[in-house]
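Peer 1: 3D, please:
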Amino acid sequence: MIPHMTPGAGNAITDVAGLRVGNAQDAALKSGSTVVVGDAPFTASVHVMGGAPGTRETDLLAPDKSVAQVDALVLSGGSAFGLDACSGVVDGLRAAGRGFRLGPAVIPLVPGAILFDLINGGQKDWDENPYRALGRRAFDAAGVDFDIGSAGAGTGALTGMTKGGLGTASFVLGDGTVVGALVASNPVGSVTTPGDRHFFAAPFEVGDEFGGLGPDPRGGLGQAMNSRKAHAFSARANTTIAIVATDADLTKAECQRVAVAAHDGIGRATVPAHLPADGDLVFALSTGARKGGDLGAIGHAAALCLSRAIARAIYHATPAPGDLLPCWRDLNR
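Peer 2: As a prediction, the model looks like this:
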């Protein structure tokens, strides 16, 4: 039986005690980076379902690889350039004396994933890759409270029909286990039904966390593949990247199973999802602070949190000069 779930105090991934989130963004660049770091290293794994992922150190997260824990996870804009945000986080961790110790060497382990936002209207004519500095700034800014919407890795994100963004949500299960999600939503597909008013994730909304409008009452949804993004510039500038977390004491293999289950949250909130031009990826992490926990319930809660986080990302997106697509709020005043 699935325990009853209620949102955590902050309705955020940082409701998992010991986790902090940091954002850094550049308005002119129309891009940014986001980091999740713990008070201590955490167990993590990953599952990829998109056809065009961009990643760093994800092979390390396979259950058969020797290192069980990592120091941080990064989500970033910038496509391949954005992977350098991980280097900035590595710099911050090393300065703090944190990392995998091998003799006198201290090696921070920071897997990451990127989305494509290079042709979203921002200034991309840099001489020096800006993402290492953004990663360091995000690390330095990490805390329990953080912005969502047009922030961090979601700054320049675009869905098929509206501006994308960064979102988060959480649940506390009946046995006390905490589950949270963090996502940068930049998919090929749409998170809203035709007409841009209702969210595909509406059946999973708690209260009015993304407007309280309820599900679209019409049937036959999802058959059209209209895309303002493709019409504006490209059908290949995409990807939804996410992190789900729990305080339950999970192994790396169990974290991978949670990551697999959490992908359902992308599919429920984004239509269509997991396409060849998406790089859809979910990290799952465990702080290990709480013994026990129902693995099936945790995976289910992670998927629900991820659907809600995607809708919240778009609901909280805000306009900026040079935007190529409208914000949901501008279309629904």
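
Peer 1: Can you give the distance of stretch 89-104 from its chain's centre?
Peer 2: Centroid separation between stretch 89-104 and its chain, computed with CA atoms, centre = their mean, to the nearest Å, is 24 Å.

Peer 1: And that stretch, end to end?
Peer 2: Counting by CA to CA, to the nearest Å, you get 20 Å between the two ends of stretch 89-104.

Peer 1: Show me what the helix of greatest length in the chain is packed against.
Peer 2: For the chain, the helix with the greatest residue count under DSSP state H is helix 295-315. Packing partners of helix 295-315 (3 or more CB pairs under 8 Å, 6 or more residues apart in numbering; DSSP states H and E): strand 165-173, strand 178-185, strand 240-248, helix 252-269, helix 328-331. Backbone N, C-alpha and C define where each C-beta goes, glycine included.

Peer 1: Could I get the buried residue list for the fourth one?
Peer 2: For helix 252-269, the buried set under the neighbour-count rule, 16 or more other CB atoms under 10 Å, comprises 252, 254-269.

Peer 1: same thing with the shortest one?
Peer 2: Under the neighbour-count criterion of 16+ other CB under 10 Å, helix 328-331 has 328-329 buried.

Peer 1: and for it, what are the contacting residues?
Peer 2: 162-163, 192, 196-197, 314-315, 317-319 (CB atoms under 8 Å, 6 or more residues apart in numbering).

Peer 1: Can you give me the neighbour number for the closest residue in space to E209 that isn't next to it in sequence?
Peer 2: Using CB to CB, 6 or more residues apart in numbering and skipping residues adjacent in sequence, the residue nearest E209 is R312, 6.0 Å away. R312 has 29 neighbours, counted by other CB atoms under 10 Å.

Peer 1: which residues touch R312?
Peer 2: 148, 167-169, 209-210.

Peer 1: For these, which two are the farthest from each other?
Peer 2: T168 and F210 (11.8 Å; CB to CB).

Peer 1: ok, now how distant is Q123 from G77?
Peer 2: Note on Q123: its distance to G77, by CB to CB, to the nearest Å, is 13 Å.

Peer 1: Between the two, which is the more surrounded one?
Peer 2: For Q123 versus G77, the count of surrounding residues by other CB under 10 Å is larger for G77: 34 against 12.

Peer 1: correct me, but the more buried one touches A151?
Peer 2: No - here G77 lies out of contact with A151, judged by CB atoms under 8 Å, at a distance of 11.2 Å.

Peer 1: what residues does the helix or strand of the chain with the lowest mean pLDDT touch?
Peer 2: Between all helices and strands in the chain, the lowest mean by mean pLDDT, DSSP states H and E belongs to helix 228-232, at a mean of 81. With CB under 8 Å, 6+ apart as the test, helix 228-232 has contacts from 158-162, 188, 235, 237, 324-325.

Peer 1: List the buried residues for stretch 94-103?
Peer 2: For stretch 94-103, by 16+ other CB under 10 Å, it's 98-99.

Peer 1: And L324, how far from P104?
Peer 2: Taken as CB to CB, the span from L324 to P104 is 50 Å.

Peer 1: Quick one: end-to-end distance for stretch 119-129.
Peer 2: Start and end residues of stretch 119-129 are separated by 16 Å (CA to CA).

Peer 1: Mind listing residues that contact it?
Peer 2: Counting by CB under 8 Å, 6+ apart, 26, 28-31, 81, 84, 118, 156, 158, 233-234, 237, 322-324 sit against stretch 119-129.

Peer 1: and stretch 294-311, which residues are buried?
Peer 2: Residues of stretch 294-311 classed as buried: 294-295, 297-311 (neighbour count, 16+ other CB under 10 Å).

Peer 1: between L324 and P104, which one's more packed in?
Peer 2: The neighbour comparison of L324 against P104 (other CB under 10 Å) goes to L324, with 17 against 5.

Peer 1: before we move on, what SS does that one have?
Peer 2: Under DSSP: H, G, I helix; E, B strand; the rest coil, L324 falls in the coil class.

Peer 1: Also N226?
Peer 2: coil.

Peer 1: I'd like to know how many residues surround it.
Peer 2: Neighbour count of N226, defined by other CB under 10 Å: 10.

Peer 1: Hmm, it is touching V188, no?
Peer 2: No - the criterion here is CB under 8 Å, and N226 misses it with V188 at 11.5 Å.

Peer 1: which residues does A269 contact?
Peer 2: 191, 199-201, 204, 306-308, 310-311.

Peer 1: Go through those residues and name the one nearest L60.
Peer 2: Closest approach to L60 among the contacts of A269 (CB to CB): L306, at 22.7 Å.

Peer 1: Do you know the pLDDT at the closest one?
Peer 2: For L306, the model assigns a pLDDT of 98.

Peer 1: so what's it up against?
Peer 2: L306 is in contact with 169, 181, 183, 242, 244, 262, 265-266, 269, 282, counting by CB under 8 Å, 6+ apart.

Peer 1: Same list, those residues, but as a markdown table with pLDDT and distance to P276 please.
Peer 2: Formatted as a markdown table, these follow (pLDDT from 0 to 100; distance: CB to CB, whole Å):
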| residue | pLDDT | distance to P276 |
| --- | --- | --- |
| A169 | 98 | 28 |
| A181 | 98 | 24 |
| V183 | 98 | 20 |
| A242 | 98 | 19 |
| V244 | 98 | 24 |
| A262 | 98 | 21 |
| G265 | 98 | 20 |
| I266 | 98 | 15 |
| A269 | 98 | 19 |
| V282 | 98 | 18 |
